[in-house]
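In: next one to model:
(one chain, ligands or ions: 2)
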Amino acid sequence: MFIVTAKEMYDIDKFAMQEIGLDGKLLMENAGRAVAEKITAMSSKQEKICVLAGAGNNGGDGFVIARTMMDQGYHIHVLQVVPDSKIRGDASFHKRIYENCGGSLSLFDGIDGTEVLDADIIIDAMIGIGVKGELREPLLSLVSLINQQTKKVISVDVPSGLPADEGTVEFSAVEATYTFIIGAPKISAFLNHTSPYYGTWELVSIGLPKKAFQLSTSKSIWNETNVRDCFPGRKPDDHKGTHGKGLVIGGCTEMPGALSMTLKAALRAGAGLITGATSEHVINRIASTNVEATYAVLSTTDGFINNDSKVNVQDYDAIALGMGMGRKAFTSELVRDVVSEANCPIIIDGDGLHHIQPYLTSLKRRKSPTIMTPHPREMAMLLGANVNEILVEPFRYASEFARKFDVYLVLKGMYSIITSPEGKQSVNMTGNPGLAKGGSGDVLTGIILAMIMQRQDMFDAICNACYVHGKSADLLIKHQHSHHDLLASDVIDGIANVYRTIS
Ligand SMILES: NC(=O)C1=CN([C@@H]2O[C@H](COP(=O)(O)OP(=O)(O)OC[C@H]3O[C@@H](n4cnc5c(N)ncnc54)[C@H](OP(=O)(O)O)[C@@H]3O)[C@@H](O)[C@H]2O)[C@H](O)CC1
Ligand SMILES: [K+]
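Out: Ligands and ions are numbered 1, 2, ... in the order given. Reported below is the predicted structural model:
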């Protein structure tokens, strides 16, 4: 499923019309009919429905919805929220057809909004991706009236007033119960501060050609179909070496658990052989619960690993670096040496991100892929930016960072964004608030390690790992646990449930 900015959506629209020959009025008919079908499935003919129609194509969709539902016997009234003179293009065409069919219509006079107050269901087709700046009156007051109601509010494409793109914090918008998104989800459906306005959303297809999307956007949602298409298989003659030999470097006296979880997650996720490189103290603490792993002892100062014992990084297919290693200056040297000496893919996570921050440009010199897995606060640290700036524009920050330092980036969050060094982006939709716990990131790193070692496309492997991690948590919440009691170690055990569903 593709994800678009407003500009990309307009480009796709233009391509569909000018290059493919699809008519705009037909696309609007398709959009309105598809949304009407969804709404009829969730409403009854006894309910009073008020369609709020604006002047642009979003309003045009509203007129098609109204006509389609009216013909099926629904109790429909259109409240046109702009003067007649403003209705233009295809919207004006579909308004005429609605009226020719005998549809009921009145003009919003900007005073009492009686039609809104009387309705059981409000269909918001005032403004879609064409919003510019903050809402003007009288729509601003109307939106505030709608948001004070407890009625079902169904938005068409985008809740009116909400920017389709990232980067805007000042806006007033409809707080929808449901949104039926047309053609492709817009970026604002995936941002912490804008996604709640959509309520529950669903995509409706209107016949826009796949080719148009492929030419215009490099952003998509990574879903179960993607996972199934490229999930690493197992063959009868496989041996432990077939599924990779991984090294995990991290841990300190105060944080032995992080390393332990990465090791265990990598093994559960399908890694062939895993070695933990850490202090003797940490090995003594975790070895009995990670019996399948092997270990390499690293020298320490005050319980933190240092660079004296020189880790052998040459014999591995991939390395994970950083979890629970602390932030001592002498550990930075080790991180730098591993990053410059290893000839295999490296995942840098947790404290490793802090160590590498002053040396980010060195990542460009690596011959093998580098994967970084920051959460937004770590991303802010890497960039020297404010975390709120990142949260408002995560796609842009992620894309610029990945391109600049030639890395694969997993920007973790409610919707994790995976970015390739070329700027291709995927959003992972699995996962739930139960994952907002210590150790979740260490588990994800272990799963990524296992996936990238199985020698498939790096981007696909990372996306699969994010999917599996979140899906494990989702299945556990569905069947066994709650958001409150779910632990990172449960997510490791839950990997088995995910694998059973996809293999
Ligand atoms: N391929 C597709 O995805 C299709 C999408 N469709 C639908 O079309 C809209 C986009 O339509 P567009 O006409 O470009 O724009 P909108 O209808 O979203 O909005 C334009 C109107 O909004 C008014 N506006 C803009 N900003 C404000 C504001 N801050 N306050 C008040 N009013 C505002 C604007 O008024 P102006 O006076 O500024 O011109 C316009 O009246 C898309 O979202 C889909 O729903 C097609 O139906 C099918 C193909
Ligand atoms: K809308």
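In: for Phe476, what are phi and psi?
Out: One correction, residue 476 is Leu, not Phe. phi -70, psi -40 (degrees, to the nearest 10).
In: now Leu409
Out: The phi/psi pair for Leu409 (degrees, to the nearest 10) reads phi -120, psi 130.
In: that one contacts Met372, correct?
Out: Yes: Leu409 is within contact range of Met372, at 5.4 Å (criterion: C-beta atoms under 8 Å). In this view, the C-beta of every residue, glycine as well, is placed from N, C-alpha and C.
In: would you map the helices across the stretch 51-200 of the chain?
Out: All helices of the stretch 51-200 of the chain, identified by DSSP state H, counting those that start in this stretch, fall at 57-71, 89-100, 114-118, 139-148.
In: follow-up on the earlier one: now do the shared contacts for Leu409 and Met372.
Out: Common contacts of Leu409 and Met372, defined by C-beta atoms under 8 Å, 6 or more residues apart in numbering, are absent altogether.
In: for the helices of the stretch 51-200 of the chain, which one sits closest to Pro433?
Out: Among these, helix 139-148 comes nearest to Pro433, with 24.4 Å by C-beta to C-beta.
In: I'd guessed Met414 sits against Asn192; true?
Out: Yes: under the criterion of C-beta under 8 Å, Met414 makes contact with Asn192 at 6.0 Å.
In: list, one by one, the residues from the protein near ligand 2.
Out: Counting by C-beta under 5 Å from the ion, the chain comes close to ligand 2 at 124, 128, 155-156, 160.
In: CSV for the residues you listed, including distance to Thr225, pLDDT and neighbour count?
Out: Shown next, in CSV, are the residues of the chain next to ligand 2 (distance: C-beta to C-beta, whole Å; pLDDT from 0 to 100; neighbours: other C-beta atoms under 10 Å):
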residue, distance to Thr225, pLDDT, neighbour count
Asp124, 31, 98, 31
Gly128, 27, 98, 29
Ser155, 27, 98, 32
Val156, 26, 98, 33
Ser160, 32, 98, 29
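In: what's stretch 86-93 in contact with?
Out: Stretch 86-93 is contacted from outside by 24-25, 28, 53, 55-57, 59-60, 63, 80, 95, using C-beta under 8 Å, 6+ apart.
In: can you check stretch 97-116 too?
Out: Applying C-beta under 8 Å, 6+ apart, the external contacts of stretch 97-116 come out as 50, 52, 63-64, 66-67, 70-71, 76-84, 122, 137-138, 141-142, 145-146, 149.
In: pLDDT below threshold where in the stretch 151-300 of the chain?
Out: Scanning the stretch 151-300 of the chain for pLDDT under 70 picks out 238-242.
In: which residues of it lie near ligand 1?
Out: 156-158, 182-183, 208 (C-beta under 6 Å from any ligand atom).
In: distance of Asp84 from Phe63?
Out: In this view, Asp84 and Phe63 are 13 Å apart by C-beta to C-beta, to the nearest Å.
In: go on, Glu333?
Out: 67 Å.
In: tell me which of the two has more neighbours.
Out: Phe63 (29 against 14; other C-beta atoms under 10 Å).
In: pretty sure the more buried one contacts Arg33?
Out: No: between Phe63 and Arg33 there is no contact under C-beta under 8 Å: 11.8 Å.
In: is it fair to say Gly438 lies in a strand?
Out: No: counting by DSSP: H, G, I helix; E, B strand; the rest coil, Gly438 falls outside a strand, being coil.
In: okay then, goodbye and thanks.
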